[in-house]
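Trainee: Give the three-dimensional model of this entry:
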Amino acid sequence: MEHSIQLDHITLGVCYYPEHWPETLWEDDLIRMKEHGIEVIRIAEFAWNLFEPTQGNFTFAFFDRFMEAVRRQEMKVIFCTPTATPPAWLTEAYPEVLNVDLEGHPVYHGMRRHYNYNSPVYRRFTETIVEKLAEHYGSHPNIIGWQIDNELNCECDVFYSEADHRAFREYLKNKYQMLDNLNESLGMTFWNQTYTDWNQVYLPRKNYHNSPNPHLALEEKKFFSQSAVSYCKLQSDILRRYLKNGQFITTNGHFGHLDYQELMDQSLDFLCYDSYPDFAFDLGADPKRPGNLNDRKWSWSLIKTRSISSNFGIMEQQSGANGWTTRMEAPAPKPGQMRLWTMQSIAHGADFISYFRWRTCWIGTEIYWHGLNDYSNEPNRRLEELKAIYRDIRVMGEIAGAKYQAKIAVVKDYPNEWDGEHDRWHGPLSNFSDDGWFRATQLTHTPCDFLYLWQKSSLQELAAYDVLIYPHATILTEETAGLLKKYVEQGGTLVFGARTGYKDEYGRCPMRPMAGYAGELCGVRIADYTFLGPYDEKQTAVWNGKEIDAPFFNDVLEVTAPEAKVEASFTSNYYQGSPALVSRKIGRGTAYYFGAGFSMETAKAFLTELGIGAPYSDCLTIPPQCELAVRKKGGQEYFFVLNYKEYPCTVELKQPMKDILSGRERSGAQELPPYGVMVLSR
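Mentor: Numbering: from 1, shown residues only. You can find the predicted model right below:
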């Protein structure tokens with residue numbers, strides 16, 4: 001099942017908090033929203049106390065009054081379940097609902113997301129409030145959809161309450177059935193960790209070295225994900241009993257220790273993301289470091305969102321400076337950047353853009369998290385920019401539903417991501433190569449997808465791509481290797497990097513030739529391997545007469561299959577002359593094993609040698625400061641060219657194209673202003 005927002009035009013929305021403002025402002029706010037092109041508002045995600053001010057006493061009067069104003073102004077609504085912030089009466093009377101940190105300290109009331117998913121008490125209260133809201137508002141004609149909670153696993157993605165320890169035991173019992181199976185699978189014989197009673201089993205707890213059993217730590221992450229998925233499903237199952245008029249169910253953001261393929265499969269129609277591009281700038285680092293591409297790094301997050309929902313929504317699009325009273329995150333968007341970031345989201349597949357927030361809050365922790373309106377509620381440049389965005393959106397309606405076009409995908413999976421959190425040999429390597437592929441695809445203007453593999457992945461999904469890059473699949477099961485082999489046999493190109501295939505599904509290193517099933521697939525074995533330390537020479541390899549970077553970690557290869565071919569050899573270190581890159585023809589395709597990480601230059605070399613880089617250079621010449629994204633609908637292609645810099649640039653159109661925003665036909669050299677956007681079609 002494809003998860004995709006279904007809209008007939010690009011739609012603008014905004015996050016609104018009627019509980020923060022006098023009722024006398026509501027109507028005027030809604031009218032002004034409509035004047036600026038806002039069609040949808042998101043409400044109620046932190047408003048539990050207004051529905052249940054004391055235990056078991058429900059009232060809907062406040063939001064009924066607000067929804068009456070909504071009805072008069074014909075505004076559409078995304079209604080939220082308010083479970084991200086349980087009321088004080090609940091946490092005071094039932095402290096067992098609170099989350100607990102690794103050292104056993106409770107997380108007290110006063111913030112948000114301070115509950116735990118596995119508390120039976122909290123789940124009962126959740127069932128009740130969701131049911132009451134669904135009964136009361138489920139058939140409301142202005143409500144087009146529901147958001148579950150707010151940013152699941154944001155703020156905190158680990159949980160150590162007593163309820164979590166108990167639920168973890170049950171999770172392990174269901175999975176392993178017997179303690180002997182658990183002890184064997186998770187390597188408990190090491191350091192005498194063997195369990196003899198289920199009551200001895202806990203989530204990893206703080207120890208002297210703060211270094212948990214790695215196999216138990218991997219199960220912990222899988223359990224955290226299952227807990228969040230189960231909690232979301234608890235709510236979606238209730239809501240679906242009351243949905244009317246095609247209402248959808250979604251949630252917002254993507255965060256750690258959460259398998260979004262499972263989440264979508266169990267609960268949601270599509271995903272919404274919260275896009276704050278200025279988060280890409282680490283205020284403690286040098287933002288001007290050459291080549292870091294922080295100006296567009298949020299595109300990497302939008303690619304991940306698209307891997308979950310091909311067409312998605314943005315529930316919170318940055319519209320002002322970001323910051324809390326306790327931290328400052330980012331400066332105010334410069335003139336033109338809010339429009340640029342809106343188009344960045346649309347370019348990557350968003351058909352719904354909701355800004356955070358309508359008005360900068362005057363109370364609480366987020367008084368420095370700015371919205372479209374300032375505290376003064378007077379006209380400002382951001383509202384003027386929103387009007388310009390609205391003018392653009394009105395002429396871009398035909399793009400809704402168009403699919404992002406990419407013939408290359410970086411393959412990922414959650415077990416490897418979670419295992420890499422503790423494994424300092426492959427976790428940092430994966431992050432290094434992610435950065436290399438991001439920068440290479442951006443600077444060569446090669447549209448790229450993510451492809452997350454899970455138990456329901458199909459050959460059809462893989463076959464949509466000419467090339468799959470699976471940089472460091474440390475955990476690679478026989479089933480996944482079999483699927484990848486079928487992909488190659490039917491004509492695909494597959495590229496592995498170093499540290500692939502040497503672990504099993506539990507994160508153990510079994511006694512078998514490395515790189516396990518990847519080695520069998522590529523016709524290689526790992527004869528030796530080493531992390532490249534600070535005193536090692538810069539490692540390179542020669543491929544088709546060209547020297548390419550072979551950084552970070554090296555797998556020294558041996559060929560084991562007669563049809564496998566050495567493509568490149570290392571040029572230095574004690575393994576100089578040994579194979580660094582091996583290819584193997586399988587059916588109509590080719591599998592590659594590269595015994596190193598992928599720097600930007602390495603990734604560029606692969607794009608060139610495999611003939612997949614810069615696929616649109618026949619019609620466009622684009623400077624490096626710009627991003628290219630392509631969406632397609634029917635036979636129509638839409639090209640987004642986004643200038644992330646504060647100075648203009650020139651884009652060369654090698655053939656006539658229609659400028660969607662102006663309605664004119666263009667060709668030849670075109671100037672793109674600072675933070676400018678061009679949307680073309682052919």
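Trainee: Okay, now the unreliable bits of the chain?
Mentor: Filtered on pLDDT under 70, the chain yields the residue ranges 1, 208, 281-291.
Trainee: just checking, what's the longest helix in it?
Mentor: helix 214-240 (DSSP state H).
Trainee: Quick check: next helix or strand after that helix?
Mentor: For helix 214-240, the following helix or strand on the C-terminal side (DSSP states H and E) is strand 248-250.
Trainee: which neighbours does that next one have in its sheet, and in what orientation?
Mentor: strand 143-147 (parallel) (DSSP bridges).
Trainee: coming back round to it: quick one: buried residues of the longest helix of the chain?
Mentor: Neighbour-count burial for helix 214-240, counted by 16 or more other CB atoms under 10 Å, picks out 214-236, 238-239. Bear in mind the C-beta positions are built from the backbone N, C-alpha and C, glycine included.
Trainee: Just want the angle from that helix to strand 143-147.
Mentor: Interaxial angle of helix 214-240 relative to strand 143-147 (axes from the mean of the first three to the mean of the last three CA atoms, to 10 degrees): 160 degrees.
Trainee: Which strands or helices does helix 214-240 pack on?
Mentor: helix 120-137, helix 162-176, strand 248-250, helix 260-266, helix 414-422 (3 or more CB pairs under 8 Å, 6 or more residues apart in numbering; DSSP states H and E).
Trainee: Could you tell me how far it lies from the centre of the chain?
Mentor: Centroid separation for helix 214-240 versus its chain: 17 Å, with CA atoms, centre = their mean, to the nearest Å.
Trainee: SS state for Tyr273?
Mentor: Recorded secondary structure, Tyr273: strand (DSSP: H, G, I helix; E, B strand; the rest coil).
Trainee: If it is in a bridge, with which residues?
Mentor: Beta-bridge partners for Tyr273, by DSSP bridges, are Ile314.
Trainee: Distance-wise, check it relative to Tyr574.
Mentor: With distances taken as CB to CB, to the nearest Å, Tyr273 is found 47 Å from Tyr574.
Trainee: Could you check which of these two is surrounded by more residues?
Mentor: Tyr273 (26 against 10; other CB atoms under 10 Å).
Trainee: OK, contacts around the more buried one?
Mentor: For Tyr273, the contact set (CB atoms under 8 Å, 6 or more residues apart in numbering) comprises Asn252, Gly253, His254, Ser301, Leu302, Thr305, Phe312, Gly313, Ile314, Met315, Ser345, Ala350.
Trainee: I'd like to know how far it sits from Gly371.
Mentor: 18 Å.
Trainee: what do you get for Glu135?
Mentor: Shown here: Glu135 relative to Gly371, a distance of 32 Å by CB to CB.
Trainee: of these two, who's got more company?
Mentor: Gly371 (23 against 14).
Trainee: Now do the same for the closest residue to Leu179 other than its chain neighbours: helix, strand or coil?
Mentor: Nearest residue to Leu179, sequence neighbours excluded (CB to CB, 6 or more residues apart in numbering): Tyr195, at 5.4 Å. When classified by three-state DSSP, Tyr195 comes out as coil.
Trainee: export stretch 77-84 as CSV, just CAs?
Mentor: Output of stretch 77-84 as CSV, limited to C-alpha atoms (Å, rounded to 0.1, in the frame of the first residue of the first chain):
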residue,chain,number,x,y,z
VAL,A,77,-9.3,21.7,10.5
ILE,A,78,-6.8,19.0,11.4
PHE,A,79,-7.8,17.9,14.9
CYS,A,80,-5.2,16.5,17.2
THR,A,81,-5.3,14.0,20.0
PRO,A,82,-3.8,15.8,23.0
THR,A,83,-1.8,13.0,24.5
ALA,A,84,1.6,14.6,24.2
